[in-house]
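Student: Okay, here's the prediction I keep looking at, along with the sequence it came from:
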2 protein chains.
Amino acid sequence: MPERRSRKDAARNREAVLAAADALFARRGSPEDVTMADVAAAAGVGKGTIFRAFGDRAGLLRALYEVRLEPIREAVEAGPPPLGPATPPRDRVPALLDAVLCFKLDNRGLATALEESGSGSPYQADHYERWHSLLQSVLEQIPGLADSGFTAHALLAATRADLVEHLAGEERVPRERMRAQLADLTARVLASGPPQGPGHEG
Amino acid sequence: MPERRSRKDAARNREAVLAAADALFARRGSPEDVTMADVAAAAGVGKGTIFRAFGDRAGLLRALYEVRLEPIREAVEAGPPPLGPATPPRDRVPALLDAVLCFKLDNRGLATALEESGSGSPYQADHYERWHSLLQSVLEQIPGLADSGFTAHALLAATRADLVEHLAGEERVPRERMRAQLADLTARVLASGPPQGPGHEG
DNA sequence: GACGATACGGACCACGGGTCCGCTTTGCAA
DNA sequence: TTGCAAAGCGGACCCGTGGTCCGTATCGTC
């Protein structure tokens, strides 16, 4: 059978670390002031254990992220509309963005931590790559939209974790309002179709 | 005259540090691996001098940013169209965004460094605050646009330094193409008003 | 030239990520 | 049950970085 590696205490510790980290990132305001030693202490293990299990800080964040993202990913890959693949593109794009936004609202600490967690920009992380290529491919199915790659980047940029954090935390924008704003923006980006033009273009 | 404080060696060192930092951030790929000690060495001063002059790393970045941004800020505040205040809103919005984009393209290292340079999100930095409130106020003058605050955030998000860096560096998108893409996105966001609609909308 | 104020600069500190290695636990087998 | 090798543990330790401190050099003035 596959699960032959990993002793049971290792597995238990892994879970403990994930749980502890999850709690800490959720509880604490800034992800910056959750140190690896904190996580270790909260999980009741040594630092070595964390690094053995996850490689480095980014690895821990990634693992957490994957766990939390799992249900959404399934819904996107094989679920029913409006997230699933059977949805018509014009409806699926806003649904995808709304899902991303909600996810980041529900996991503010974690998402922020992952996005700013070093090793360069979030744009090299492969979870971003996945969202982007999916969104791009859906956008491509909408006729009259050029630059689906850039559009995908731009739409995703509107859901950046630190922006969401700022809106929710500083500007106290309520969840539903934020969702509506994003939906509105998406609609505007998708709406303009073929080469019309109000006439003031030279 | 105002400039009565600061001994001349202090002033000279300040300039040396700014120049050195500027060069380093431009030359080096990642802003992460420009350390304060590097800057000090390159400027031929001690670390203490830098911290005395700029407070902390973020302060140095901010100072550099201000210097570089000065001409643009003037053009925006009192220059001729399309950046200046006399420009009609529908033309000024894309011009502002284009200016931001070009600035970040021309100062990739610096902009990236400033945006990720800790102390929380870029959304607390007051230069962001300035761009946002300006953009928002211009957007508000365009009839039929709701949520100018969020729209301003979203449009600015499309010019985030790390995104620009990714597009220019990884995806090798040429400058003019990127400008065109941003202009197109902006146009789409601004275009959709209630009135028109090519007819394929339901 | 002398003297106080100002600024210099690099040794020094705090702290966080990441490593290492002697010790413990686990799981298997006799 | 006992023995034993491998897997895993954990915290002392290392190292690089931002930031501080204070004896010393410089400035500017009289």
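Tutor: Everything's here; your move.
Student: Just want the angle from the helix or strand harbouring residue A:177 to helix B:175-191.
Tutor: Per DSSP states H and E: residue A:177 is located in helix A:175-191. Relative orientation of helix A:175-191 and helix B:175-191, computed by axes from the mean of the first three to the mean of the last three CA atoms, to 10 degrees: 110 degrees.
Student: Can you name the residues of chain A sitting close to DNA strand D?
Tutor: A:5-7, A:9-10, A:13, A:40, A:44-49, A:52-53 (CB under 7 Å from any atom of the strand). Heads up, the C-betas are built off the backbone N, CA and C, glycines and all.
Student: ok, now how distant is residue A:123 from DNA strand C?
Tutor: Distance, residue A:123 to DNA strand C, using CB to the nearest atom of the strand, to the nearest Å: 19 Å.
Student: Quick check, that residue in contact with residue B:168.
Tutor: No - look at residue A:123 against residue B:168 with CB atoms under 8 Å: they stay out of range, at 11.4 Å.
Student: Which of the two has more residues huddled nearby?
Tutor: residue A:123 (19 against 16; other CB atoms under 10 Å in any protein chain shown).
Student: picking up where we left off before, pull the CA atoms of the helix holding residue A:177 into CSV?
Tutor: Only the C-alpha atoms of helix A:175-191 are listed here, as CSV (Å, rounded to 0.1, in the frame of the first residue of the first chain):
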residue,chain,number,x,y,z
ARG,A,175,-18.1,41.0,3.2
GLU,A,176,-21.2,41.2,1.0
ARG,A,177,-20.4,44.7,-0.2
MET,A,178,-16.9,43.6,-1.2
ARG,A,179,-18.3,40.7,-3.1
ALA,A,180,-20.7,42.9,-4.9
GLN,A,181,-17.9,45.3,-5.8
LEU,A,182,-15.8,42.6,-7.2
ALA,A,183,-18.8,41.2,-9.1
ASP,A,184,-19.5,44.6,-10.5
LEU,A,185,-15.9,45.1,-11.6
THR,A,186,-15.9,41.7,-13.2
ALA,A,187,-19.1,42.4,-15.0
ARG,A,188,-17.7,45.6,-16.3
VAL,A,189,-14.5,44.0,-17.6
LEU,A,190,-16.5,41.2,-19.3
ALA,A,191,-19.3,43.4,-20.6
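Student: just checking, what packs against it?
Tutor: On a contact count with 3 or more CB pairs under 8 Å, 6 or more residues apart in numbering or on different chains; DSSP states H and E, helix A:175-191 meets helix A:89-106, helix A:148-157, helix B:148-157, helix B:175-191.
Student: in it, what counts as buried?
Tutor: Within helix A:175-191, the residues that qualify as buried are A:178, A:179, A:181, A:182, A:184, A:185, A:186, A:188, A:189, A:190, A:191, counting by 16 or more other CB atoms under 10 Å in any protein chain shown.
Student: Looking at the residues you listed, spot the one nearest residue B:93.
Tutor: residue A:188 (13.3 Å; CB to CB).
Student: about what we covered before: would you turn the helices and strands packed on helix A:175-191 into JSON lines with distance to DNA strand C and mean pLDDT?
Tutor: Formatted as JSON lines, the helices and strands packed on helix A:175-191 follow (distance: least, CB to the nearest atom of the strand, whole Å; pLDDT from 0 to 100):
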{"stretch": "helix A:89-106", "distance to DNA strand C": "21", "mean pLDDT": "97"}
{"stretch": "helix A:148-157", "distance to DNA strand C": "26", "mean pLDDT": "98"}
{"stretch": "helix B:148-157", "distance to DNA strand C": "27", "mean pLDDT": "98"}
{"stretch": "helix B:175-191", "distance to DNA strand C": "32", "mean pLDDT": "97"}
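Student: Can you lay out the ones you listed as JSON lines showing distance to residue B:86?
Tutor: Compiled in JSON lines, the helices and strands packed on helix A:175-191 are given as follows (distance: least, CB to CB, whole Å):
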{"stretch": "helix A:89-106", "distance to residue B:86": "36"}
{"stretch": "helix A:148-157", "distance to residue B:86": "28"}
{"stretch": "helix B:148-157", "distance to residue B:86": "20"}
{"stretch": "helix B:175-191", "distance to residue B:86": "19"}
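Student: Spell out the residue ranges of the helices in chain A.
Tutor: Using DSSP state H, the helices of chain A run over residues A:8-27, A:36-43, A:47-54, A:57-78, A:89-106, A:108-116, A:126-140, A:148-157, A:161-165, A:175-191.
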